[in-house]
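*Asks:* with the sequence up front, the predicted model follows.
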Amino acid sequence: MNKKTENKIVLVLGGIGDIGSAISARLEEKGYTVCRHDKDMGEYAGDVTDSKQTKNIIDKIIKKYGRIDAVVNCLSAPVKVLGIEKKNWKDFAGQLEVQLKSVVDTSVLVIPIMKSQGGGRIVNILTSYVVSHVPAGLSDYVTAKYAVLGLTKSMAVELGKYNITVNAVSPSFLRGKFNKDIPEKLDEFIIANTPLKRLVEPKDIANVVAFLISDEAGYITGENISVSGGSAIN
């Protein structure tokens with residue numbers, strides 16, 4: 001067991017998904033105790049668009065372990081590629097409920113816990129679309145990601161004095177279950193325009209997250225790290 005990570009508890013929201021599973025596995029390899037959240041399955045199941053269910057998840061972790069040292073938000077909602085004139089507020093609200101409300105509710109609950117412990121880590125998974133080219137047809141998804149980026153920076157400013165760091169990780173396009181309806185032809189285009197000539201893989205994101213919640217990243221906060229193989233260079 002790594003003495004630096006022994007007894008450290010990490011909540012991974014969306015911990016059963018493509019990115020969340022990779023992050024959870026990497027953190028477990030490093031010796032963290034990982035509480036994997038999923039909407040429907042597992043010990044920490046719950047719909048985090050429902051504030052009461054979110055509280056139940058946090059309460060369950062505290063009852064079992066007595067602490068939460070880090071929260072990693074990997075939540076996302078299925079995307080529909082449609083022009084803005086074919087979307088409505090319900091589309092935007094759905095993305096904001098999953099991506100923003102869940103982070104707000106979770107943060108409000110865990111921040112007092114982290115303060116009492118003398119510090120903590122919060123990491124939000126975004127998208128390279130908030131740092132580079134924005135594709136057409138994803139206005140609701142991109143808007144929600146920008147909202148979480150703003151929240152990340154705001155919390156970093158407020159919480160630094162409590163030794164709580166708040167950062168974001170922005171991967172480029174990852175082929176997964178939430179974007180299965182996007183034509184695979186897009187993969188070829190992205191690879192051709194990526195200096196490292198491949199799509200991002202979940203393990204690439206997991207390695208950056210593992211660093212950000214480690215002691216080595218203790219002086220990094222308010223940052224948004226691009227994991228894009230060079231495709232987001234600007």
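*Replies:* Cool, the structure landed.
*Asks:* what segments of this protein are strands?
*Replies:* Ranges of strands in the chain, per DSSP state E, are 9-13, 33-38, 44-45, 70-73, 120-125, 164-171, 224-227.
*Asks:* now the fifth one: how far from the chain's centre is it?
*Replies:* What that stands for is strand 120-125. Here strand 120-125 is found 7 Å from its chain centre; the criterion is CA atoms, centre = their mean, to the nearest Å.
*Asks:* just the angle between it and strand 164-171, please?
*Replies:* Orientation of strand 120-125 against strand 164-171 (axes from the mean of the first three to the mean of the last three CA atoms, to 10 degrees) gives an angle of 20 degrees.
*Asks:* so which other helices or strands are in contact with strand 120-125?
*Replies:* strand 70-73, helix 102-117, helix 139-159, strand 164-171, helix 202-212 (3 or more CB pairs under 8 Å, 6 or more residues apart in numbering; DSSP states H and E). For the C-beta atoms, the positions are set from N, CA and C on the backbone; glycine is no exception.
*Asks:* of those, which stretch is the most buried?
*Replies:* Among the helices and strands packed on strand 120-125, ranked by average contacts under mean count of other CB atoms under 10 Å, first place goes to strand 70-73 (a mean of 27).
*Asks:* can you list contacts of that strand?
*Replies:* Contacts to strand 70-73, defined as CB atoms under 8 Å, 6 or more residues apart in numbering, come from residues 8-15, 20, 23, 32, 102-103, 106-107, 110, 120-125, 148, 209, 213.
*Asks:* hmm, back to that, got the strands of the chain as TSV, with distance to Lys80 columns?
*Replies:* Converted to TSV, the strands of the chain look like this (distance: least, CB to CB, whole Å):
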stretch	distance to Lys80
strand 9-13	22
strand 33-38	22
strand 44-45	25
strand 70-73	22
strand 120-125	20
strand 164-171	20
strand 224-227	25
